[in-house]
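Participant: below are the sequence and a predicted model; questions follow.
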Amino acid sequence: MTPRAAMREVLLRLGLLGLARRVQSRFAPILSPYAMEFPPFGHEIQGAAFASGDYARYASLALAIRRIEEEGIPGAFAEVGVYRGATSRFLIRCAPGRELYLFDTFEGFPRADREPVNPGDERFQDTSEERVRRALGDAANVVIRKGRFPETAAGLENVRFGFVLLDLDLYQPTLAGLRFFYPRMSPGGYLFVHDFNSPESDKACRRAVSEFMTDKPEKFVELPDVWGSVVMRRIG
């Protein structure tokens, strides 16, 4: 079962599929003309959003990137949990001048990171670094770090980030991502965490975010995308 099919099944069980579709249908006419005023974001939103069925998510990412560019917020971009590179392609097209770090095992979840409620979780194995590179074309400013996070972040301790997307599904990797990137975010930078409102893996991402943010001045804002993301902007 594909990740999208699995989420559809979850939404059906919770009775939320109709609500998610209504949110998408309401967002499209509202955000589409707004986003189209600001190339290249409009075309990228249309392509990625309608291909994935998640207009709210991609519109939110694009508008955050536009804000980063307009305000001149410095720093590289990073995506942790790349899978086949669809969102990576979207990010590099919206911000072609930014260095983009991509982190993934390209072999699915390491056994040591899997949740106790689902130790046999073998999703996201049907990909590869080569497949992602093909998806990104000739983008020269992409750095792929293959392996288990946070070990793959070694050597980047002094890098500053203006945009980070954590899409790790599991508690320990998500918590590790927050611990690594939060102190390295530029003031005003955006940090997204996917799957915050997903019930999978015993609400793994919600647990990681809630624990980490307990003593932080920033507040996360929940987004009405299909998968349930949250976003925060670094204060300082």
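Facilitator: Thanks, I have the structure now.

Participant: tell me which residue is most central in the chain.
Facilitator: L165 (3.7 Å; C-alpha atoms, centre = their mean).

Participant: tell me the secondary structure at that residue.
Facilitator: For L165, the assignment made with DSSP: H, G, I helix; E, B strand; the rest coil gives strand.

Participant: what of Y190?
Facilitator: Classified using three-state DSSP, Y190 is strand.

Participant: helix or strand: which one has the nearest residue to it once chain neighbours are set aside?
Facilitator: Nearest non-adjacent residue to Y190, counting by C-beta to C-beta, 6 or more residues apart in numbering: A64, 4.4 Å away. To be clear about C-beta, it is placed using only N, CA and C from the backbone, and glycine gets the same treatment. Following DSSP states H and E, one finds A64 within helix 55-71.

Participant: mean confidence for that helix?
Facilitator: Averaged over helix 55-71, pLDDT sits at 90.

Participant: how about it: buried residues?
Facilitator: Neighbour-count burial for helix 55-71, counted by 16 or more other C-beta atoms under 10 Å, picks out 55-66, 68-69.

Participant: what's the answer for stretch 150-158, then?
Facilitator: Buried, per 16+ other C-beta under 10 Å, within stretch 150-158: 150, 152-153, 156.

Participant: same check, this time on stretch 101-118
Facilitator: For stretch 101-118, by 16+ other C-beta under 10 Å, it's 101-106, 108-109, 113-115.

Participant: for I92, what is the enclosing helix or strand?
Facilitator: Going by DSSP H and E, I92 is in helix 86-94.

Participant: now swap in Y101 and tell me
Facilitator: strand 100-104.

Participant: what do you get for G162?
Facilitator: Here G162 is assigned to strand 161-166, by DSSP H and E.

Participant: helices and strands around that strand, which ones?
Facilitator: helix 55-71, strand 76-80, helix 86-94, helix 171-181, strand 185-193 (3 or more C-beta pairs under 8 Å, 6 or more residues apart in numbering; DSSP states H and E).

Participant: swap the cut-off to 6 Å and go again
Facilitator: Using 3 or more C-beta pairs under 6 Å, 6 or more residues apart in numbering; DSSP states H and E, the elements in contact with strand 161-166 are strand 76-80, helix 171-181, strand 185-193.

Participant: okay, now G236: neighbour count?
Facilitator: G236: 8 surrounding residues under other C-beta atoms under 10 Å.

Participant: over to G147?
Facilitator: 15.

Participant: do you know the pLDDT at it?
Facilitator: 96.

Participant: gap between it and F106?
Facilitator: According to C-beta to C-beta, to the nearest Å, G147 and F106 sit 9 Å apart.

Participant: gap between the nearest residue to E157 once chain neighbours are set aside and D195?
Facilitator: Closest residue to E157 apart from its sequence neighbours, by C-beta to C-beta, 6+ apart: R184 at 7.8 Å. Going from R184 to D195 by C-beta to C-beta gives 22 Å.

Participant: with I73 instead?
Facilitator: With C-beta to C-beta as the criterion, I73 and D195 are 25 Å apart.

Participant: so the two - more neighbours on which side?
Facilitator: D195 (26 against 20).

Participant: for F103, give me its contacts.
Facilitator: Residues near F103 by C-beta atoms under 6 Å, 6 or more residues apart in numbering: 80, 145, 149, 152.

Participant: what bridges to it?
Facilitator: V80, R145 (DSSP bridges).

Participant: which helices and strands does the helix holding I92 pack with?
Facilitator: Helices and strands touching helix 86-94, by 3+ C-beta pairs under 6 Å, 6+ apart, are helix 41-52.
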